[in-house]
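J.: Got a sequence here, can you model it:
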Amino acid sequence: MKDVPKYILLLLLMMPLMSFWGAPAHAQAAPAVISDWQVLWEFEDREGDVNPASIRSRSQWIDAKKGMASPPRPDGAVSSWNRFTLPKLPPGQSAVLIERVKGQDVSAFLEELPLYEVKRYFVYMNHTLLLPVTGEDAGKTVYIWSKGTDTALGIQGDIVLGEYEHMRGVFIKKDLEDFILGGSLLFIAAVMTVCCLFLPRHTVPSWLALCIVIFAFGALLIAYSPFLYTFYGDLGSVWVTLFDTALFAIMPAMFFYFEKIYGPGPYRIIRYGQRFQMGYSGLCLILLIVQLVGTHPFPQLYYLFTVKILGILIILELSLLIGITILYASKRNKDAYIFSFGFGIMALLTLGDLISFYMKDSNYEFYLWKWGVIALVVSLIVMLGRKFVRSHQQVLEYSRELELFNNELQRSEKMEIISELAASVAHEVRNPLQVTRGFMQLLSQSAKPEEKEYFALALKEMDRASGIITDFLTFAKPQVEQIVPLNVYEELKHVTGILLPLANLAGGTIELEEAEDLCITGNSSKLKQAMINIVKNGIEALDGEGTVRIWAYAQSNEVIIHIQDNGVGMDALELSRLGEPYFSNKSKGTGLGLMVTYRIIKSMNGTIHFNSRKGVGTEAIIRFPACASNHQGNPT
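T.: Model prediction:
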């Protein structure tokens, strides 16, 4: 097997170009399976070289068969021998692949010719053997000697015989998949750790906990696989230390990650579990350091704390976390569903492995948990993707809200500026304006007939200027005085009576739908002023024949008023600028009328919203809180 490791790098480079489990391209005979062998237990420790010559003729050999339970290890047994006879072999080079042999020290012989020998000074019992044979070796006996502290020793897997090149490929690829899977998880954890440098500070602890969980799973997969021990056995103590360290770290990191997701949990059980596991893992880590420094001074005590007791704790803690996951999933949280699915599969499969381990008195090889790890990592990746999507949506929503806030802030600033301007200037301007109007009216009485037309035009413009100043004052001080209950229908009826002649003069009409028991609180004159501004804008938008339709109704403790015209309408840009100072679609408009309307409605705790389409018309929807006497109604 000395030439095997040099093929590993070539196989890794060729992996993307070939099927991992695919058959060779050239035809070859199907491998043969040896299903019968014999077992012999030794009760005396061998101090010198191991040699099958001394045990060949003993009568204590026990028959064993593939698919049947291995003979139990008797009390006092120190080591075991296995033997089987090679069947007829094809000409040329062949190989025997023994998928799993249990023992710390293992030797293999073809008759008395040594084929394999490994002595381990660390606790790892799994071996995979590839023994070269030839066609001339048919009928010879292969002997396997094993020694160790495990309850099971010797051959535990299949014995396969085939062409050497093919069996060598199977031998290399057999445990490589675990190594590749574990290496992938380590790579993912390393990349995620680097990403911590670019994350907000408050997300770093939970992110690091997740990195530790994934890193620990990757280390467990790599260190548990026989691949490293087979090809790099001289570093076996390093792989065992890596496995134990990852095992000690995984549960505290898992508890910490759970706390970051779900909080301390009911009765703070997650936090207490994390603290207890951190303390116990710290104790196990101290025992590991003592073992490494003191060259294994008390292996039985170390095995008790780090395997027996720790395994039971992991079973209890995984059961606890499964229960907490189900509890939060019952609250219909989608992330909890996803995490519960992945973690539940991982926990159940791990529990199955642990239960089987204890039921078989530690004579069990863990394999189910690998698929659980894949399910958990996939669920974490899905959760991470959902988190990125939510973050992106939150950024977009925040951008939209920020834009609306900026627009509202600009509008508020403009309103405040105009309010201050109106309050400080309007009275000062109105007084000289009224004096000037009085003198001009007196002068017009004694003016020549041809001059009276000019005086009338000047008086008309001064009256218009006075109206603008009145709008300024109303905008500056929109407080609604004399708050009384108002009958909305009567108020709208009065507004309709005032503006109907104006509508008829413009070629249109006003339609008011009758309504009863619609009551709001406010000031009658201010409400009429606001409604007149809106209806008047609708009449002016008719541009000839058309209708301004008005109706109101009560709904959900509100009185809703609709004022709809079928005039020229507005586009989206014009609609967004309604209420801005000095913005108007009318040639002589100032935009102050609609600003005053907005302020009056707001001062009465109401809201106003416009819908409009170019060439179709505009609809104003005004909502006021209803009086207590109002009852629910439906729109007409």
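
J.: Could you pull up the contacting residues of Leu459?
T.: Going by CB atoms under 8 Å, 6 or more residues apart in numbering, Leu459 touches Arg437, Met440, Gln441, Ser444. Yep, even glycine has a C-beta here, placed from its N, CA and C like the rest.

J.: The last one contacts Phe455, correct?
T.: Yes. The pair formed by Ser444 and Phe455 meets the contact definition of CB atoms under 8 Å, at 3.6 Å.

J.: Low-confidence regions, the stretch 401-550 of the chain specifically.
T.: Where the stretch 401-550 of the chain drops to pLDDT under 70, the residues are 409, 411-428, 430-431, 435, 468, 470-482.

J.: So which residues of it form strands?
T.: For the stretch 401-550 of the chain, the strands defined by DSSP state E, counting those that start in this stretch occupy 484-487, 508-512, 519-522, 546-555.

J.: cool, the stretch 151-300 of the chain as well?
T.: 154-155, 159-163.

J.: contacting residues around the shortest one?
T.: It stands for strand 154-155. With CB under 8 Å, 6+ apart, strand 154-155 has contacts from 37, 39, 64, 70, 80-82, 98, 100-103, 144, 146.

J.: which one of those sits closest to Ala189?
T.: Arg100 (29.1 Å; CB to CB).

J.: Confirm the closest one sits in a helix?
T.: No. With DSSP: H, G, I helix; E, B strand; the rest coil as the criterion, Arg100 is located in strand rather than a helix.

J.: you'd agree it is up against His127?
T.: Yes. Arg100 lies in contact with His127 (CB under 8 Å); the separation is 7.2 Å.

J.: Among those two, which residue is more densely surrounded?
T.: Shown here are Arg100 and His127; by other CB atoms under 10 Å, His127 has more neighbours (26 against 18).

J.: and the strands of the stretch 151-300 of the chain, which is most packed in?
T.: strand 154-155 (a mean of 26; mean count of other CB atoms under 10 Å).

J.: and it, how far out from the chain's middle?
T.: Remark: strand 154-155 is offset 47 Å from the chain centroid, using CA atoms, centre = their mean, to the nearest Å.

J.: strand partners of it, parallel vs antiparallel please.
T.: strand 93-102 (antiparallel) (DSSP bridges).

J.: what about Ile381, distance to Gly342?
T.: Separation of Ile381 from Gly342 (CB to CB, to the nearest Å): 9 Å.

J.: more neighbours, those two?
T.: Gly342 (22 against 14).

J.: three-state assignment of the more buried one?
T.: Gly342 is classified as helix under three-state DSSP.

J.: do Arg73 as well
T.: coil.

J.: Next up, the contacts around it.
T.: Trp41, Ser80, Thr151, Ala152, Leu153.

J.: out of those residues, which is most surrounded?
T.: Leu153 (31 neighbours).

J.: any idea which element the closest residue to it other than its chain neighbours lies in?
T.: Among residues not flanking Leu153 along the chain, Ser80 sits closest, at 4.2 Å (CB to CB, 6 or more residues apart in numbering). For Ser80, the host element (DSSP states H and E) is strand 79-85.
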